[in-house]
Every structure is written in C-alpha cells, then in structure tokens.
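Student: no sequence for this one, just the structure:
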C-alpha cells in the first residue's frame, strides 16, 4: 500500500478527475478491498460481483474523503466499502429485514423530520443513535434497511457552515465488526416466540448457565439445551444463506 503522504497526493489528483490517479489508488489498496469482500462471501452473492461493488465503494470513499479531518484514508474507506456491499445485499433481497427493524426505521425517520423542523438542520448520527439506544453503525444499518427518504450520502449543514455527508459523522475504526451479521441475528431474535427469545437473552446477554435459565423459566435443563441448540442451528442457516 502507498504511504499516507503519497495516498493524499493521489487523492487530490483523483478529485480533479485524474483517472490514472484513481486507478493507482485502487491498485495499491486492492488488498484492503479484497479483505472487506471476504467478510461477505457465502451470503448468496458471487465474489466478482462483490469485488466490483466494493470498488464502487472505494471510489466513493475517494470522492468523499476530506483530509482536513485528520483521519487516515483507510479508516474512512473501510465503512464506505462495507456500506456499499451491504446496500447491494439489502436491495437485492439477500438480507431479510424484520418488521421490528422496519418499525424502528420509521420511528427514526419521524425523529429526523421533527428535528429538522425544530432545528433547521438534520441531526448528527450520534444523536440519532443515542435517541434509539444503539451504536452508530447499527443506526446506519437500521436507517438504510427501510430505504428511508433520508440519504446517508446526502448533505447536512453544520455550524461551521460546511456541508458534509451524514455518513461522515460516524466514528470509524480499522477493526470494525461485521455489523451485517449482527443485524441479521437481531432480526432473528425479534421473531422468536417469547419463551425462546427469553432463553437466548438470558444465556447470551445475561451470561446465565442452562441450569440457571431452566430454574428461572420453570423448565428442565434438558429442555433449555434442546431449545437453545435448535435456535442456534436456525441462526447458522440464516447467516449462511
């Protein structure tokens, strides 16, 4: 990969429309692009298609990157590339969005509309996430899941007078988790019958043993084990398909 100084030089050239600079940036970051593509293999989309979509996300990252924020380009590019893949998989029908998630997305949309009326500008992603008790990456995915009118790549005005894309308000990390799997699992948990949902929550979010869970809900440890194994197998099928 190029060092940071050379990367910034090529980004500046690319922003002027220099196609060769874009090609050079892509060639020297292809390992980064491929590493992100690998996260989404086995989810019903061919590797070549995923790679092309990831490259589109990379080019969007070049166009949207602002060196004035002091972030490394790779830090900014990773969520942009992953987001492009996730949108494709969602819109292509590869990801089934739960009714609960769609309802939350509608509530987010209403909150944003009311915020705009009251304040004259769109709320930062951090405020949206805090309002609905989730991290910012999860809020981005939920908002996108319902194809809301608000575009994450639409402009938002800030007090400094500059217009930025909403996605730029996200705090990014190089070692991001696979949020898509997380949201698929969340949707799957929401659709479980109440008793099964309670078992999963107690076991995996409250760190209780099977015996403790059995005592809490009034069934045998064997029953808890059987139900838990069935649910886990169902989750595996959702993540693999």
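Tutor: Received it, and whenever you're ready, just let me know what you need. Just so it is clear, the structure is predicted and the values come from calculations on it, not from any experiment.
Student: low-confidence ranges, this structure, go.
Tutor: For the chain, applying pLDDT under 70 flags the ranges 1, 91-100, 137, 140-141, 144-188, 205, 235-241.
Student: tell me the domain boundaries of it?
Tutor: The chain breaks down into these domains under automatic domain parsing: 4-94, 99-169, 192-240.
Student: show me where the chain has helices.
Tutor: In the chain, the segments counted as helices under DSSP state H are 4-15, 19-28, 30-37, 47-64, 73-91, 99-119, 125-131, 136-145, 179-190, 194-204, 210-217, 221-240.
Student: possible to save these as TSV with mean neighbour count?
Tutor: For glycine as for every other residue, the C-beta is placed from the backbone atoms N, C-alpha and C. TSV is the format used below for the helices of the chain (neighbours: other Cβ atoms under 10 Å):
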stretch	mean neighbour count
helix 4-15	16
helix 19-28	15
helix 30-37	16
helix 47-64	18
helix 73-91	21
helix 99-119	14
helix 125-131	18
helix 136-145	22
helix 179-190	17
helix 194-204	16
helix 210-217	16
helix 221-240	14
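Student: any idea how far the nearest residue to residue 201 once chain neighbours are set aside is from residue 132?
Tutor: When the adjacent residues along the chain are set aside, residue 201 lies closest to residue 189, with 7.7 Å between them (Cβ to Cβ, 6 or more residues apart in numbering). Applying Cβ to Cβ, to the nearest Å, the value for residue 189 to residue 132 is 17 Å.
Student: ok, residue 79 next?
Tutor: Going from residue 79 to residue 132 by Cβ to Cβ gives 19 Å.
Student: same check on residue 115?
Tutor: Look at residue 115 and residue 132: by Cβ to Cβ, they are 13 Å apart.
Student: with residue 41 instead?
Tutor: Applying Cβ to Cβ, the value for residue 41 to residue 132 is 31 Å.
Student: and what of residue 86?
Tutor: Separation of residue 86 from residue 132 (Cβ to Cβ): 19 Å.
Student: contacts for stretch 54-66, please.
Tutor: Outside stretch 54-66, the residues within contact range by Cβ atoms under 8 Å, 6 or more residues apart in numbering are 11, 14-15, 22, 25-26, 29, 33-34, 36-37, 73, 76-77, 80-85, 153, 164-165, 167-168.
Student: returning to that earlier point: which one's more surrounded, residue 41 and residue 132?
Tutor: Taking other Cβ atoms under 10 Å, residue 41 and residue 132 do not tie; residue 132 has more neighbours (15 against 11).
Student: and the more buried one, what does it touch?
Tutor: Residue 132 sits next to 104, 107-108, 111, 139, 142 when contact means Cβ under 8 Å, 6+ apart.
Student: nearest to residue 50 among those residues?
Tutor: Residue 50 lies nearest to residue 142 out of the contacts of residue 132, by Cβ to Cβ, at 22.5 Å.
Student: hang on, that closest one packs against residue 103?
Tutor: No. Between residue 142 and residue 103 there is no contact under Cβ atoms under 8 Å: 10.0 Å.
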